[in-house]
Structure formats: structure tokens, C-alpha cells
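Visitor: I'll drop the sequence and a predicted model, then ask my questions.
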Amino acid sequence: MRPVPSSPEPLHATAAPVTHYENFPVASLLCPPHLRQPIAALYAFARTADDIADEGDAPASERLAALAAYGADLQAIAEGRAPSPRWAGVFLPLQRVLRSHALPVPLLHDLLSAFAQDVEATARAATYPDRAALLDYCRRSANPVGRLLLHLYGVQGEAALRESDAICSALQLINFWQDLSVDIPRGRHYLADADCAAHGVSRADLAALRPTPATTRLLQDNARWARALMQSGAPLVHRLPGRAGWELRLVVQGGLRILDRIDALQGGNLCRRPVLGPLDWLRMLARAVRM
């Protein structure tokens, strides 16, 4: 959950600076004006938790203790109590949003559980055994964002939730495949053990950050998985009203365009981070219009 200034997520902020939490669309020009403040409050909550988990040189034990205290403040405001002074600037605005929009608090706790998992996994250089484990992480690290936004937009129904989860999980996976050259040296392993074994790739092969025919097949397979997830969720753009639907179109097309870049590198995303340029954004806009 690192800064991704060139990634597809809709981070064209007007109410809050875009720094870290790349999975949140914050108060963009396409965001309905009456939702900018609630979304900014949610963003501040996620961004601050991300900083606790990821910024600075604190050991894992201190990060986990801080995240636990942060979660206690979340529970306090959910119960109508005052938060601690430490993060009052985050939790007092969030408390007003919880009251005014009846947000589902368990989704916010899910986000915190994913941040804590990241801290623990990085400290142990842990791996994910299979895709189901990766999707469980996405269920807590990314999917709550989409569900919270659907709640604010007043969009309901199992189909919408399912499509939102698919888009958010796809965005998280795309972020993983985009950042392999950064994550692997830091002890973050998001390529599942079962996938590596299926393609005959060892952790040492990945740590070398040099593409081989086997690693290329592995990365292409995972890119196809993310693309299929994104495409399965794409019909959601037609369920969201007005500006929100247009913003989501750009999110979907941005994710797909990053995957185009990954495909073009032919496994080179193991050692080189694909980014989007001005022509890519024009192509994304054209594809969004065609949607």
C-alpha cells in the first residue's frame, strides 16, 4: 500500500492531498460535491493507518501496537465516545460521517486488519500459499473501499457488491504486479506459492529480479487473472449514477491500461515498474467513453 502516482486509481484530489493510500478515490472533480467531505474523511482514516503501517523506521511491534490503538479509537467513535487526542483530527470528522451516513464500521476494521497483516507479513517475509489467500487479503485491503463508496452512493444489491469486489481486488492485484521490483527486495511476496510452483519458479529466481522464460510465464498468468477479475466487475459502471459512473469507467480503464503495459514488458515488470504516460491517459478516456 505504497504511493503510486502513475497508477490508475482515481486520486485527483481537491479536498485532500494524494500521498499514500492509492486505493481511495478522494474528492475528485468527478466525485459528487455532497460526497467530497465524507470521502475525504474516509481517505484520511485509511491514509493515516497506511502511514502507521508503512512509513518511518519503527519496528513491527510498535506499528502493530499503534494500529491496535488506532482501532480502539475507531471503536470508540463508533460507540459514540470521544477518540484519544492522538488522532482526533482523523476521528472527529470520521465520527460525523459515521453518524450522518450510517457507514458499516466492520468494513473500516477490515482495512485495519489488512494493514496489520502487511506489517506482520513483511516482518517475516511471509508468502501467500495460493490465490485464495491473496483474495482474502484483497477482501480486507481493497474491497471495503468499494463497498463504502457504494454505500455512500446509495447503490445496493448483491450483483453490485460482487462487481465492486472484483474491481477492487483486481486493482490491488494490478498494484502488486506493477510493484514487484519494489516489493520483492523489501520482503513482500504477493506471487502465490502455488503459482510459483506451477511455473517452476523459486523465490531465489524472483529475488534475482531478472526475467526468465519461467518467471515471464508466471507474471503473464497472474496478469491474465487480474484482467479477468477487472472485466468481470466492469458492468458496475452502468449501475453507478452520473459522475460516479464516469469516475469508475476511468478506474477500470486505468487498471486495464496498466495491464497492457505489463503485457508489453513480456515479464519485464519483475525488474521495471510500468507507468502510464499522457498518451495512455488519452486512450483511457477514449475507452471510458466507449463504455
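Guide: Received, thanks. Here the structure is a predicted model, which means the values were calculated and not measured. Numbers count the residues shown, from 1 in each chain.
Visitor: mind listing the helices for the chain?
Guide: For the chain, the helices defined by DSSP state H occupy 36-54, 60-78, 88-101, 105-124, 131-141, 143-153, 158-178, 180-183, 193-198, 203-207, 213-233, 242-265, 278-290.
Visitor: Quick one: distance of the second one to the chain centre.
Guide: If you compare the mean C-alpha spot of helix 60-78 with that of the full chain, they lie 20 Å apart, counting by CA atoms, centre = their mean, to the nearest Å.
Visitor: and if you look at the shortest one?
Guide: Using CA atoms, centre = their mean, we find the averaged C-alpha position of helix 180-183 to lie 16 Å away from the chain's own average C-alpha position.
Visitor: contacting residues around it?
Guide: For helix 180-183, contacts defined as CB atoms under 8 Å, 6 or more residues apart in numbering pick out 2, 176, 189-191, 206, 209, 219, 269-273. C-beta coordinates here come from the backbone N, C-alpha and C atoms, glycine included.
Visitor: ok, back up a step: in JSON lines, list the helices of the chain along with mean neighbour count.
Guide: Shown next, in JSON lines, are the helices of the chain (neighbours: other CB atoms under 10 Å):
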{"stretch": "helix 36-54", "mean neighbour count": "22"}
{"stretch": "helix 60-78", "mean neighbour count": "17"}
{"stretch": "helix 88-101", "mean neighbour count": "17"}
{"stretch": "helix 105-124", "mean neighbour count": "18"}
{"stretch": "helix 131-141", "mean neighbour count": "18"}
{"stretch": "helix 143-153", "mean neighbour count": "22"}
{"stretch": "helix 158-178", "mean neighbour count": "22"}
{"stretch": "helix 180-183", "mean neighbour count": "17"}
{"stretch": "helix 193-198", "mean neighbour count": "15"}
{"stretch": "helix 203-207", "mean neighbour count": "14"}
{"stretch": "helix 213-233", "mean neighbour count": "19"}
{"stretch": "helix 242-265", "mean neighbour count": "21"}
{"stretch": "helix 278-290", "mean neighbour count": "13"}
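Visitor: Let's have these in JSON lines, adding mean pLDDT.
Guide: Converted to JSON lines, these look like this (pLDDT from 0 to 100):
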{"stretch": "helix 36-54", "mean pLDDT": "93"}
{"stretch": "helix 60-78", "mean pLDDT": "97"}
{"stretch": "helix 88-101", "mean pLDDT": "97"}
{"stretch": "helix 105-124", "mean pLDDT": "95"}
{"stretch": "helix 131-141", "mean pLDDT": "97"}
{"stretch": "helix 143-153", "mean pLDDT": "95"}
{"stretch": "helix 158-178", "mean pLDDT": "97"}
{"stretch": "helix 180-183", "mean pLDDT": "96"}
{"stretch": "helix 193-198", "mean pLDDT": "98"}
{"stretch": "helix 203-207", "mean pLDDT": "97"}
{"stretch": "helix 213-233", "mean pLDDT": "98"}
{"stretch": "helix 242-265", "mean pLDDT": "93"}
{"stretch": "helix 278-290", "mean pLDDT": "91"}
